[in-house]
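Visitor: please work out how this folds:
(chains A and B)
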Amino acid sequence: MKVLFFIPTYNDRYGLTALVSSLLKRYGSAYVLVVDDGSSPAISLDLTDRSEIERTFLVGMATNEGIGLATSVAIDLMIADQFDCLIRLDADGQHPQSEIENLKEKISSNLADVVLGERINHNSLNTPKAAMGSVTKSFTAWLGRMIFSSHVRDWYTGFFAMNREAAMIAQGAYLERYCEVQLLCIFHQANLRVKTHPIEQLERNHGQSSINWLGGMMIMLRSSLMMLLYALRMHPK
Amino acid sequence: MIYKLLFFFGFVWFLLMLVQRQRLGMDLASLTLLLIVGVLALSFSPFWVEKLAHFFEFGTPSMAVVALAIAGLVTVAVILLVMISDLKRKHAQLTRQVASMQLRLSRVDKPSEEDQISI
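Guide: Numbering: from 1, shown residues only, chains lettered A, B, ... in the order given. Presented below is the predicted three-dimensional model:
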(Lines give C-alpha, C1' and ligand atoms only; values in the text may rest on other atoms or scores of the structure.)
Protein backbone atom coordinates (compact mmCIF):
# COMPACT_ATOMS: atom_id res chain seq x y z
CA MET A 1 0.00 0.00 0.00
CA LYS A 2 1.44 3.34 -1.11
CA VAL A 3 1.16 5.83 1.74
CA LEU A 4 1.59 9.60 1.71
CA PHE A 5 1.96 11.43 5.02
CA PHE A 6 0.88 15.04 4.93
CA ILE A 7 2.13 17.52 7.52
CA PRO A 8 0.85 21.11 7.26
CA THR A 9 2.86 23.57 9.29
CA TYR A 10 2.76 27.23 10.14
CA ASN A 11 5.82 28.29 12.14
CA ASP A 12 6.00 24.82 13.74
CA ARG A 13 9.62 24.06 12.88
CA TYR A 14 11.09 22.51 16.01
CA GLY A 15 11.06 18.75 15.89
CA LEU A 16 9.70 18.72 12.34
CA THR A 17 12.78 17.11 10.81
CA ALA A 18 12.78 14.48 13.55
CA LEU A 19 9.08 13.79 12.93
CA VAL A 20 9.58 13.41 9.16
CA SER A 21 12.64 11.23 9.65
CA SER A 22 10.87 9.06 12.20
CA LEU A 23 7.89 8.52 9.86
CA LEU A 24 10.13 7.61 6.94
CA LYS A 25 12.16 5.20 9.07
CA ARG A 26 9.05 3.56 10.46
CA TYR A 27 7.37 3.23 7.04
CA GLY A 28 10.09 2.27 4.59
CA SER A 29 8.09 2.84 1.39
CA ALA A 30 6.03 5.84 2.49
CA TYR A 31 6.45 9.44 1.33
CA VAL A 32 6.05 12.65 3.32
CA LEU A 33 4.70 15.97 2.07
CA VAL A 34 5.34 18.99 4.29
CA VAL A 35 3.38 22.10 3.36
CA ASP A 36 4.91 25.20 4.91
CA ASP A 37 1.92 27.52 5.05
CA GLY A 38 3.70 30.84 4.98
CA SER A 39 6.05 30.44 7.96
CA SER A 40 8.47 33.24 8.64
CA PRO A 41 11.30 32.46 8.13
CA ALA A 42 10.52 29.67 5.70
CA ILE A 43 10.86 26.14 7.01
CA SER A 44 13.63 23.86 5.83
CA LEU A 45 14.27 20.22 6.64
CA ASP A 46 17.70 18.99 7.69
CA LEU A 47 17.41 15.46 6.42
CA THR A 48 20.72 13.72 5.77
CA ASP A 49 19.74 10.23 4.66
CA ARG A 50 19.53 10.02 0.86
CA SER A 51 16.50 7.71 0.89
CA GLU A 52 14.67 10.07 3.24
CA ILE A 53 15.43 13.09 1.05
CA GLU A 54 14.12 11.22 -1.98
CA ARG A 55 10.86 10.45 -0.22
CA THR A 56 10.20 13.94 1.11
CA PHE A 57 8.44 16.84 -0.54
CA LEU A 58 8.51 20.33 0.92
CA VAL A 59 6.22 22.98 -0.51
CA GLY A 60 6.49 26.53 0.80
CA MET A 61 3.60 28.97 0.39
CA ALA A 62 4.54 32.64 0.20
CA THR A 63 1.65 33.64 2.48
CA ASN A 64 -0.53 31.91 5.05
CA GLU A 65 -3.30 30.29 3.00
CA GLY A 66 -4.88 28.00 5.58
CA ILE A 67 -5.21 24.26 6.04
CA GLY A 68 -7.78 23.99 3.25
CA LEU A 69 -5.40 24.90 0.45
CA ALA A 70 -2.58 22.83 1.96
CA THR A 71 -4.93 19.83 2.09
CA SER A 72 -5.92 20.39 -1.54
CA VAL A 73 -2.24 20.37 -2.55
CA ALA A 74 -1.75 17.08 -0.66
CA ILE A 75 -4.82 15.53 -2.28
CA ASP A 76 -3.62 16.61 -5.73
CA LEU A 77 -0.25 14.94 -5.10
CA MET A 78 -1.91 11.81 -3.76
CA ILE A 79 -4.05 11.42 -6.86
CA ALA A 80 -1.35 12.40 -9.35
CA ASP A 81 1.16 9.96 -7.85
CA GLN A 82 -1.43 7.25 -7.26
CA PHE A 83 -0.98 6.91 -3.53
CA ASP A 84 -3.50 4.59 -1.89
CA CYS A 85 -3.69 6.33 1.46
CA LEU A 86 -3.21 9.89 2.69
CA ILE A 87 -2.52 10.38 6.38
CA ARG A 88 -2.49 13.83 7.94
CA LEU A 89 -0.57 14.63 11.09
CA ASP A 90 0.13 17.87 12.92
CA ALA A 91 3.66 19.24 13.02
CA ASP A 92 3.57 19.96 16.76
CA GLY A 93 3.92 16.32 17.79
CA GLN A 94 0.42 16.04 19.30
CA HIS A 95 -0.61 13.07 17.19
CA PRO A 96 0.79 9.77 18.45
CA GLN A 97 2.73 7.94 15.76
CA SER A 98 1.90 4.67 17.49
CA GLU A 99 -1.73 5.10 16.34
CA ILE A 100 -0.92 5.56 12.65
CA GLU A 101 -0.98 1.82 12.06
CA ASN A 102 -4.53 1.59 13.44
CA LEU A 103 -5.74 4.25 11.03
CA LYS A 104 -3.86 2.75 8.10
CA GLU A 105 -5.10 -0.73 8.90
CA LYS A 106 -8.76 0.25 8.51
CA ILE A 107 -8.00 1.78 5.10
CA SER A 108 -5.81 -1.06 3.83
CA SER A 109 -8.31 -3.74 4.87
CA ASN A 110 -11.06 -1.74 3.14
CA LEU A 111 -13.11 -1.33 6.30
CA ALA A 112 -13.38 2.43 5.83
CA ASP A 113 -12.83 5.21 3.32
CA VAL A 114 -11.93 7.74 6.00
CA VAL A 115 -10.59 7.08 9.49
CA LEU A 116 -10.42 9.82 12.12
CA GLY A 117 -8.17 9.80 15.14
CA GLU A 118 -10.77 10.87 17.67
CA ARG A 119 -9.24 12.64 20.67
CA ILE A 120 -10.63 11.17 23.86
CA ASN A 121 -8.63 13.37 26.24
CA HIS A 122 -9.47 16.68 24.65
CA ASN A 123 -12.61 17.64 26.59
CA SER A 124 -11.31 19.86 29.33
CA LEU A 125 -12.99 22.65 31.30
CA ASN A 126 -9.82 23.94 32.98
CA THR A 127 -9.63 27.30 31.24
CA PRO A 128 -12.25 29.44 29.43
CA LYS A 129 -10.53 28.65 26.13
CA ALA A 130 -10.60 24.89 26.82
CA ALA A 131 -14.23 25.09 27.93
CA MET A 132 -15.09 26.99 24.74
CA GLY A 133 -13.32 24.26 22.75
CA SER A 134 -15.30 21.54 24.49
CA VAL A 135 -18.61 23.31 23.93
CA THR A 136 -17.75 23.85 20.25
CA LYS A 137 -16.81 20.20 19.85
CA SER A 138 -19.95 18.90 21.53
CA PHE A 139 -22.22 21.29 19.63
CA THR A 140 -20.70 20.32 16.28
CA ALA A 141 -20.99 16.63 17.12
CA TRP A 142 -24.66 17.16 18.02
CA LEU A 143 -25.28 18.99 14.71
CA GLY A 144 -23.52 16.17 12.87
CA ARG A 145 -25.74 13.61 14.57
CA MET A 146 -28.87 15.58 13.64
CA ILE A 147 -27.92 16.30 10.03
CA PHE A 148 -25.91 13.25 8.94
CA SER A 149 -26.75 10.72 11.68
CA SER A 150 -23.01 10.74 12.22
CA HIS A 151 -21.36 8.94 15.11
CA VAL A 152 -18.27 11.19 14.91
CA ARG A 153 -17.65 13.03 18.17
CA ASP A 154 -14.52 14.95 17.23
CA TRP A 155 -15.15 16.88 14.03
CA TYR A 156 -12.06 19.03 14.46
CA THR A 157 -9.37 16.39 14.64
CA GLY A 158 -6.40 16.96 12.37
CA PHE A 159 -5.32 13.33 12.56
CA PHE A 160 -7.00 11.31 9.84
CA ALA A 161 -6.45 8.92 6.97
CA MET A 162 -8.34 8.68 3.70
CA ASN A 163 -8.27 6.41 0.68
CA ARG A 164 -8.22 7.41 -2.98
CA GLU A 165 -11.99 7.37 -3.35
CA ALA A 166 -12.37 9.89 -0.55
CA ALA A 167 -9.53 11.99 -1.93
CA MET A 168 -11.11 12.10 -5.39
CA ILE A 169 -14.39 13.31 -3.93
CA ALA A 170 -12.64 15.98 -1.83
CA GLN A 171 -10.46 17.07 -4.75
CA GLY A 172 -13.39 18.73 -6.51
CA ALA A 173 -14.27 20.94 -3.56
CA TYR A 174 -12.91 24.35 -2.73
CA LEU A 175 -11.71 23.77 0.81
CA GLU A 176 -12.09 26.61 3.30
CA ARG A 177 -9.32 27.85 5.61
CA TYR A 178 -10.27 25.46 8.43
CA CYS A 179 -11.51 22.52 6.42
CA GLU A 180 -11.89 19.63 8.88
CA VAL A 181 -15.65 20.02 9.32
CA GLN A 182 -16.16 20.75 5.63
CA LEU A 183 -14.27 17.58 4.65
CA LEU A 184 -16.42 15.48 6.96
CA CYS A 185 -19.59 17.06 5.54
CA ILE A 186 -18.39 16.18 2.04
CA PHE A 187 -17.59 12.60 3.06
CA HIS A 188 -20.90 12.10 4.83
CA GLN A 189 -22.82 13.60 1.92
CA ALA A 190 -21.08 11.18 -0.44
CA ASN A 191 -22.05 8.29 1.86
CA LEU A 192 -18.45 7.28 2.38
CA ARG A 193 -17.60 4.95 5.25
CA VAL A 194 -16.28 7.25 7.98
CA LYS A 195 -14.81 5.38 10.96
CA THR A 196 -13.16 6.65 14.09
CA HIS A 197 -10.35 5.41 16.22
CA PRO A 198 -9.84 6.72 19.77
CA ILE A 199 -6.49 8.37 20.41
CA GLU A 200 -4.85 10.07 23.36
CA GLN A 201 -3.62 13.41 22.09
CA LEU A 202 -0.13 14.20 23.35
CA GLU A 203 1.08 17.51 24.74
CA ARG A 204 2.51 19.94 22.19
CA ASN A 205 6.27 19.57 22.09
CA HIS A 206 6.67 23.35 21.66
CA GLY A 207 4.80 26.62 21.11
CA GLN A 208 1.08 27.12 21.45
CA SER A 209 -2.05 26.93 19.35
CA SER A 210 -2.54 29.76 16.86
CA ILE A 211 -6.31 29.68 17.53
CA ASN A 212 -7.42 32.06 20.25
CA TRP A 213 -10.72 32.38 22.11
CA LEU A 214 -12.38 34.54 19.47
CA GLY A 215 -10.94 32.38 16.70
CA GLY A 216 -12.57 29.37 18.34
CA MET A 217 -15.93 31.12 18.32
CA MET A 218 -15.55 32.00 14.67
CA ILE A 219 -14.68 28.41 13.85
CA MET A 220 -17.87 27.26 15.61
CA LEU A 221 -19.91 29.81 13.66
CA ARG A 222 -18.32 28.76 10.37
CA SER A 223 -18.87 25.07 11.12
CA SER A 224 -22.50 25.68 12.03
CA LEU A 225 -23.07 27.65 8.82
CA MET A 226 -21.37 24.92 6.81
CA MET A 227 -23.53 22.22 8.34
CA LEU A 228 -26.63 24.35 7.89
CA LEU A 229 -25.84 24.50 4.17
CA TYR A 230 -25.78 20.71 4.05
CA ALA A 231 -28.93 20.40 6.15
CA LEU A 232 -30.78 22.69 3.72
CA ARG A 233 -29.24 20.89 0.71
CA MET A 234 -27.67 24.22 -0.28
CA HIS A 235 -24.05 23.08 -0.18
CA PRO A 236 -21.76 24.13 -3.06
CA LYS A 237 -21.81 21.54 -5.82
CA MET B 1 -40.01 41.50 16.81
CA ILE B 2 -41.48 39.34 14.06
CA TYR B 3 -40.09 41.69 11.39
CA LYS B 4 -36.65 41.54 12.95
CA LEU B 5 -36.74 37.75 12.92
CA LEU B 6 -37.99 37.72 9.33
CA PHE B 7 -35.22 40.10 8.34
CA PHE B 8 -32.63 37.97 10.15
CA PHE B 9 -33.68 34.68 8.55
CA GLY B 10 -34.01 36.36 5.16
CA PHE B 11 -30.51 37.71 5.47
CA VAL B 12 -29.11 34.32 6.57
CA TRP B 13 -30.84 32.72 3.57
CA PHE B 14 -29.31 35.36 1.30
CA LEU B 15 -25.85 34.67 2.73
CA LEU B 16 -26.27 30.92 2.31
CA MET B 17 -27.33 31.47 -1.32
CA LEU B 18 -24.13 33.44 -1.92
CA VAL B 19 -22.03 30.70 -0.31
CA GLN B 20 -23.85 27.99 -2.29
CA ARG B 21 -23.12 29.80 -5.53
CA GLN B 22 -19.53 30.17 -4.39
CA ARG B 23 -19.72 33.94 -4.46
CA LEU B 24 -18.89 34.29 -0.77
CA GLY B 25 -16.37 32.41 1.35
CA MET B 26 -17.46 30.80 4.60
CA ASP B 27 -15.18 32.98 6.74
CA LEU B 28 -16.51 36.22 5.26
CA ALA B 29 -20.10 34.93 5.47
CA SER B 30 -19.55 34.28 9.19
CA LEU B 31 -18.23 37.80 9.69
CA THR B 32 -21.23 39.28 7.89
CA LEU B 33 -23.55 37.18 10.02
CA LEU B 34 -21.86 38.49 13.16
CA LEU B 35 -22.34 42.02 11.85
CA ILE B 36 -26.04 41.52 11.27
CA VAL B 37 -26.52 39.88 14.68
CA GLY B 38 -24.80 42.93 16.15
CA VAL B 39 -27.14 45.27 14.28
CA LEU B 40 -30.20 43.36 15.47
CA ALA B 41 -28.94 43.31 19.05
CA LEU B 42 -28.36 47.06 18.78
CA SER B 43 -31.95 47.65 17.76
CA PHE B 44 -33.08 46.50 21.21
CA SER B 45 -31.12 49.25 22.94
CA PRO B 46 -32.37 52.86 22.48
CA PHE B 47 -29.29 54.11 24.34
CA TRP B 48 -26.90 52.76 21.73
CA VAL B 49 -29.16 53.82 18.86
CA GLU B 50 -28.96 57.37 20.22
CA LYS B 51 -25.18 57.10 20.57
CA LEU B 52 -24.86 55.85 17.01
CA ALA B 53 -27.13 58.57 15.66
CA HIS B 54 -25.01 61.12 17.49
CA PHE B 55 -21.84 59.54 16.09
CA PHE B 56 -23.15 59.70 12.53
CA GLU B 57 -24.46 63.22 13.25
CA PHE B 58 -28.03 62.45 12.23
CA GLY B 59 -30.53 65.10 13.19
CA THR B 60 -32.95 62.68 14.83
CA PRO B 61 -31.89 59.69 16.87
CA SER B 62 -34.40 57.52 15.08
CA MET B 63 -33.92 53.80 14.65
CA ALA B 64 -35.36 54.10 11.17
CA VAL B 65 -32.57 56.46 10.10
CA VAL B 66 -29.88 54.44 11.82
CA ALA B 67 -31.25 51.20 10.34
CA LEU B 68 -31.19 52.75 6.88
CA ALA B 69 -27.59 53.86 7.32
CA ILE B 70 -26.58 50.45 8.66
CA ALA B 71 -28.46 48.65 5.88
CA GLY B 72 -26.49 50.72 3.38
CA LEU B 73 -23.22 49.88 5.10
CA VAL B 74 -24.09 46.17 5.23
CA THR B 75 -24.99 46.18 1.52
CA VAL B 76 -21.69 47.81 0.62
CA ALA B 77 -19.87 45.37 2.93
CA VAL B 78 -21.53 42.36 1.28
CA ILE B 79 -20.65 43.61 -2.22
CA LEU B 80 -17.04 44.17 -1.17
CA LEU B 81 -16.88 40.79 0.54
CA VAL B 82 -18.20 39.04 -2.57
CA MET B 83 -15.46 40.72 -4.60
CA ILE B 84 -12.81 39.76 -2.02
CA SER B 85 -14.10 36.16 -1.96
CA ASP B 86 -13.82 35.97 -5.73
CA LEU B 87 -10.23 37.22 -5.66
CA LYS B 88 -9.33 34.89 -2.79
CA ARG B 89 -10.75 31.89 -4.63
CA LYS B 90 -8.87 32.72 -7.82
CA HIS B 91 -5.68 33.27 -5.84
CA ALA B 92 -6.15 29.91 -4.10
CA GLN B 93 -6.75 28.10 -7.39
CA LEU B 94 -3.62 29.58 -8.91
CA THR B 95 -1.51 28.80 -5.83
CA ARG B 96 -2.79 25.22 -5.88
CA GLN B 97 -1.95 24.78 -9.55
CA VAL B 98 1.52 26.25 -9.10
CA ALA B 99 2.16 24.01 -6.06
CA SER B 100 1.12 20.91 -8.00
CA MET B 101 3.32 21.86 -10.96
CA GLN B 102 6.28 22.56 -8.69
CA LEU B 103 5.80 19.19 -7.02
CA ARG B 104 5.84 17.51 -10.42
CA LEU B 105 9.02 19.35 -11.34
CA SER B 106 10.66 18.47 -8.04
CA ARG B 107 9.97 14.78 -8.69
CA VAL B 108 11.92 15.03 -11.94
CA ASP B 109 14.81 16.77 -10.21
CA LYS B 110 15.04 14.49 -7.20
CA PRO B 111 17.40 13.79 -5.57
CA SER B 112 19.85 16.14 -7.19
CA GLU B 113 18.23 19.27 -5.80
CA GLU B 114 17.01 20.14 -2.41
CA ASP B 115 13.25 19.93 -2.34
CA GLN B 116 12.52 23.41 -1.16
CA ILE B 117 9.94 24.96 -3.47
CA SER B 118 8.96 28.56 -3.29
CA ILE B 119 5.68 29.81 -4.63
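Visitor: make it CA atoms for all contacts and neighbour counts henceforth
Guide: Noted.
Visitor: so whichever strand or helix holds A:Gly144, near chain B or not?
Guide: Using DSSP states H and E, A:Gly144 falls within helix A:128-148. No. Applying Cα under 8 Å from any Cα of the partner chain, one finds helix A:128-148 separated from chain B by no less than 15.3 Å.
Visitor: likewise stretch A:30-42?
Guide: No. Judged by Cα under 8 Å from any Cα, stretch A:30-42 stays clear of chain B, getting no closer than 9.2 Å.
Visitor: strands of chain B, start to end?
Guide: B:116-118 (DSSP state E).
Visitor: for it, which residue gets nearest to chain A?
Guide: B:Gln20 (4.5 Å; Cα to the nearest Cα).
Visitor: picking that back up, what does the helix or strand that the helix holding A:Gly144 is followed by rub up against?
Guide: Per DSSP H and E, the first helix or strand lying C-terminal to helix A:128-148 is strand A:160-163. The contact list for strand A:160-163 (Cα atoms under 8 Å, 6 or more residues apart in numbering or on different chains) reads A:84-89, A:103-104, A:107, A:113-117.
Visitor: stretch B:77-89 too?
Guide: Residues from elsewhere that reach stretch B:77-89, judged by Cα under 8 Å, 6+ apart: B:Arg23, B:Leu24, B:Gly25, B:Leu28, B:Thr32.
Visitor: can you do 6 Å?
Guide: With contacts defined as Cα atoms under 6 Å, 6 or more residues apart in numbering or on different chains, stretch B:77-89 is touched by B:Arg23, B:Leu24, B:Gly25.
Visitor: hang on, the earlier thing: let me see the contact set for the residue of chain B closest to chain A.
Guide: Applying Cα under 6 Å, 6+ apart, we find B:Gln20 in contact with A:Met234, A:His235, A:Pro236.
Visitor: now swap in A:Phe6 and tell me
Guide: Contacts for A:Phe6 (Cα under 6 Å, 6+ apart) come out as A:Val32, A:Leu33, A:Val34, A:Ile87, A:Arg88.
Visitor: quick check: the two most widely separated of those?
Guide: The span of the contacts of A:Phe6, defined through Cα to Cα, is set by A:Val34 and A:Ile87 at 11.8 Å.
Visitor: all set now, cheers.
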